[in-house]
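Visitor: need a structure here:
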Amino acid sequence: FVKIHRQALESPLVRQELSHWIDLVFGYKQTGQEAVDAVNVFHPATYPTNQTQEMDELEAMARQTMIETYGQTPLQLFSSVHPLPLADLVRQERSNSPPPLPVVGTVTGMTWGSYVGAPGMPAPTVVWQQNQGVTVTNLVRMETNEVFGVPSRSLLVGKYNNNGHCLGQ
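Guide: I've put the predicted structure just below:
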């Protein structure tokens, strides 16, 4: 999985197109006429510059709902075109490095891991929910398809019967 995605991210096509993506998301095509020409325009409420305006409670709730529903535009970091990779630099990198691995056309024999929510596993259910006085930093999966949230430097101890049902923690 990691090997395949790394190949994709390091491919010549992604190298060539990455600067265009940066221009759309963080660059000069995020606002203004360049954004309109690139069909990269979003609702005004999603732009960070519009978050500081005075609003009544209803409008503030509506804006928060919009952001939670379809996201918030990130801050604009660049105001000019992001440079394209130099073809000579890419060629030079290739000549000094070992030949790239061949692109994998298909993947066979790969199986999903055994984790809560994995394909083929039963859907998880919330069994018990309570506000904790500590920050949950780890999720522990039990054989019963239960997940426990525990803070750092914690130990989870439990007893199970022969049917796999938890008898207590």
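
Visitor: my guess is residue 67 contacts residue 47, does it?
Guide: No - in this structure, residue 67 is not within contact of residue 47 by C-beta atoms under 8 Å, at 10.3 Å. Every C-beta, even on glycine, is put in place using the N, C-alpha and C of the backbone.

Visitor: which residues do those two both contact?
Guide: Counting by C-beta atoms under 8 Å, 6 or more residues apart in numbering, residue 67 and residue 47 have no common neighbour.

Visitor: lowest average confidence, helix or strand, in this structure?
Guide: Within the chain, confidence by mean pLDDT, DSSP states H and E is lowest for helix 87-96 among all helices and strands, at a mean of 52.

Visitor: now the element after that helix, going C-ward?
Guide: Following helix 87-96 in sequence order, the next helix or strand is strand 138-141 (DSSP states H and E).

Visitor: okay, now the sheet partners of that next one, with direction.
Guide: strand 147-150 (antiparallel) (DSSP bridges).

Visitor: for whichever strand or helix holds residue 63, give me every contacting residue.
Guide: Using DSSP H and E, residue 63 sits within helix 57-70. Applying C-beta under 8 Å, 6+ apart, the contact partners of helix 57-70 are 42, 43, 45, 46, 51, 55.

Visitor: tell me, what's the model's pLDDT at residue 3?
Guide: You'll see residue 3 listed with a pLDDT of 82.

Visitor: same check, this time on residue 8
Guide: pLDDT for residue 8: 82.

Visitor: assign the residue nearest to it when sequence neighbours are not counted to helix, strand or coil.
Guide: In this structure, residue 8 finds its nearest non-sequential neighbour in residue 14, 6.6 Å apart by C-beta to C-beta, 6 or more residues apart in numbering. At residue 14 the chain is in helix, as set by DSSP: H, G, I helix; E, B strand; the rest coil.
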